[in-house]
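**Q** no sequence on hand, only this structure:
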């Protein structure tokens with residue numbers, strides 16, 4: 001298991017100590033990687049797949065068994081052999097020829113391990129992307145709360161101004177009521193924003209492993225591709241889903257070969273040493289057997305046809321995965337382009353809305369504008385600022401999403417500097433099905449290290 005990062009839990013709601021060190025995005029990504037139960041689960045499943053290789057290798061070796069038997073024998077009253085018969089037997093069986101059946105099983109297990117490793121890489125990208133999204137969303141929702149708080153203050157000031165003007169007869173009771181209604185709506189919006197912020201904090205805790213503290217500013221974005229076509233070509237070479245599907249095609253092809261081998265004969269070598277304790281006699285035997293299935297009710301032919309169908313399905317899955325990955329790259333690239341345009345338009349919208357609000361507010365003090373005009377201008381400015389913030393957040397997360405669709409979102413590629421899970425460590429310890437004491441001790445050390 002991954003060790004938890006040592007961190008002090010502080011509140012984002014203004015309770016953090018001023019001297020507290022800011023938590024960076026890299027910190028959040030590292031913590032998410034270390035604390036992910038999803039990765040822990042699938043790393044364990046990968047180790048289980050590693051053991052399939054060990055079990056396949058074991059089928060290439062002889063099987064040795066020891067049997068102790070006690071049998072009560074009763075034949076006739078005069079027999080000297082009546083009574084309890086005790087025997088011991090040491091037997092060995094070894095398939096010395098199976099036309100590659102067991103060796104194909106080893107190759108299938110190895111390719112399955114490699115496919116499972118690619119699936120683990122895909123999950124790593126998923127965990128890291130969720131951490132980026134959670135980090136950005138907490139910051140976004142905090143900024144939205146700040147906007148809503150400012151909105152409540154401004155509308156409160158407008159309400160007070162409307163009351164003052166009403167007291168001197170400059171406006172009617174209707175203007176005051178409009179300001180009161182807008183203030184109530186602003187408070188409702190603030191409560192909703194605070195709720196969204198709490199939801200974002202819970203999501204952050206679920207993904208990263210702890211509540212957000214004093215979050216630092218967003219770092220510069222990582223480099224991606226220069227064009228959509230370049231991004232798509234990189235994805236076709238490196239995306240874990242495609243590499244996993246390729247391994248699955250290989251496994252399916254080996255499965256076809258395995259069904260062919262199952263139709264061929266096997267040659268087994270058998271030996272036994274049998275000791276009868278009653279008569280103190282020993283019997284040694286050695287035999288060679290040839291086994292060929294002549295008729296299995298059509299099961300072998302059915303298994304072969306099934307393997308061919310599975311191979312076709314795996315090939316189709318590879319083609320579909322390639323199409324899906326390419327589509328995801330295109331969608332991610334388009335989303336980035338849309339976000340970039342939205343940010344530019346949003347900046348202009350905020351600037352214009354700010355100018356309009358300042359002008360309308362000044363005109364209202366001169367009696368040329370109503371309270372409703374001021375409140376409308378304030379609402380437009382609030383909406384413009386919130387939209388721009390959301391576009392900026394979408395673009396930031398979108399860059400990491402593009403990296404994920406390219407197959408490049410990983411701890412190693414981001415250079416996070418944290419120890420990563422080494423799938424080869426456990427595999428190399430068990431791939432030869434160790435049973436001797438030195439190998440067993442080495443494997444136990446690896447298990448202890450994984451459990452830390």
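**A** Everything's here; your move. Model, not experiment: these values are computed from the prediction.
**Q** against residue 294, how distant is residue 433?
**A** From residue 433 over to residue 294 the distance is 33 Å, taken as Cβ to Cβ, to the nearest Å. Any C-beta I mention is one placed from the backbone N, CA and C, and that applies to glycine too.
**Q** same question for residue 383.
**A** In this structure, residue 383 and residue 294 are separated by 80 Å, where distance is defined by Cβ to Cβ.
**Q** so these two - more neighbours on which side?
**A** residue 383 (14 against 4; other Cβ atoms under 10 Å).
**Q** quick one: residue 31 and residue 208 touch, right?
**A** Yes: because the distance of 4.9 Å satisfies Cβ atoms under 8 Å, residue 31 is recorded as touching residue 208.
**Q** give me the common contacts of those two.
**A** Both residue 31 and residue 208 are in contact with residue 131, where contact means Cβ atoms under 8 Å, 6 or more residues apart in numbering.
**Q** with neighbour numbers in mind, choose between the two.
**A** Between residue 31 and residue 208, residue 208 has the larger neighbour count (other Cβ under 10 Å), namely 28 against 21.
**Q** where does the prediction get shaky in the stretch 101-250 of the chain?
**A** Within the stretch 101-250 of the chain, the set of residues satisfying pLDDT under 70 is empty.
**Q** where along the stretch 151-300 of the chain do the helices fall?
**A** Along the stretch 151-300 of the chain, counting by DSSP state H, counting those that start in this stretch, helices occupy 173-208, 228-238, 240-262, 299-365.
**Q** next, count neighbours for the residue nearest to residue 71 when sequence neighbours are not counted.
**A** Excluding its sequence neighbours, the residue lying closest to residue 71 (Cβ to Cβ, 6 or more residues apart in numbering) is residue 85, at 4.7 Å. Here the count is done by other Cβ under 10 Å, and residue 85 has 15 residues near it.
**Q** doesn't residue 85 fall inside a helix?
**A** No: using DSSP: H, G, I helix; E, B strand; the rest coil, the secondary structure at residue 85 is strand, not a helix.
**Q** surely it meets residue 274?
**A** No: contact between residue 85 and residue 274 fails when scored by Cβ under 8 Å: they sit 11.9 Å apart.
**Q** is the spatially most central residue of the chain in a helix, a strand, or coil?
**A** Centroid-nearest residue in the chain: residue 123, 2.5 Å away (criterion: Cα atoms, centre = their mean). Here residue 123 is recorded as helix under three-state DSSP.
**Q** any idea what sits nearest it, other than its immediate chain neighbours?
**A** The spatial neighbour of residue 123 that comes closest, neighbours along the chain excluded (Cβ to Cβ, 6+ apart), is residue 42 at 5.5 Å.
**Q** what's near enough to touch the one you found?
**A** With Cβ under 8 Å, 6+ apart as the criterion, the residues that contact residue 42 are 116, 119-120, 123.
**Q** next one: residue 56
**A** The contact partners of residue 56, by Cβ under 8 Å, 6+ apart, come to 102, 105-106, 108-109.
**Q** can you tell me the helix or strand for it?
**A** With elements taken from DSSP states H and E, the one containing residue 56 is helix 37-58.
**Q** pull out the buried residues from stretch 272-280.
**A** When neighbours are counted by 16 or more other Cβ atoms under 10 Å, the buried residues of stretch 272-280 are found to be 272, 274-275.
**Q** residues in contact with residue 267?
**A** Applying Cβ under 8 Å, 6+ apart, the residues contacting residue 267 are 95-98, 288-291.
**Q** between those residues, which is nearest residue 364?
**A** Using Cβ to Cβ, residue 98 is the member of the contacts of residue 267 that sits closest to residue 364, with 92.4 Å.
**Q** quick one: the residue lying closest to that closest one once chain neighbours are set aside from residue 60, how far?
**A** Take residue 98 and drop its neighbours on the chain: the residue closest to it by Cβ to Cβ, 6+ apart is residue 266, 4.6 Å away. For residue 266, the distance to residue 60 under the criterion Cβ to Cβ works out to 13 Å.
**Q** likewise residue 25?
**A** For residue 25, the distance to residue 60 (Cβ to Cβ) stands at 49 Å.
**Q** check residue 190 too.
**A** When Cβ to Cβ is applied, the distance between residue 190 and residue 60 equals 70 Å.
**Q** that older thread, mind listing which of the contacts of residue 42 are in strands?
**A** When these are checked against strands using DSSP state E, none is located there.
**Q** can you turn the buried part of these into a PyMOL selection?
**A** One line in PyMOL is enough to select the buried ones among those; burial here means 16+ other Cβ under 10 Å:
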select buried, resi 116+119+120+123
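**Q** distance to residue 326 for the contacts of residue 42 - can I get that in TSV?
**A** Below are the contacts of residue 42 laid out as TSV (distance: Cβ to Cβ, whole Å):
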residue	distance to residue 326
116	24
119	20
120	23
123	21
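**Q** ok, the contacts of residue 42 vs residue 373, which is closest?
**A** Nearest to residue 373 out of those is residue 123 (Cβ to Cβ; 54.0 Å).
**Q** wait, what's in contact with the residue nearest to residue 289 when sequence neighbours are not counted?
**A** The shortest distance from residue 289 to any residue other than its chain neighbours is 4.9 Å, reached at residue 268 (Cβ to Cβ, 6+ apart). When contacts are counted by Cβ under 8 Å, 6+ apart, residue 268 is found next to 93-96, 288-289, 291.
**Q** residue 268 bridge partners, please.
**A** Beta-bridge partners recorded for residue 268 (DSSP bridges): residue 95, residue 289.
**Q** how much space between it and residue 286?
**A** Look at residue 268 and residue 286: by Cβ to Cβ, they are 12 Å apart.
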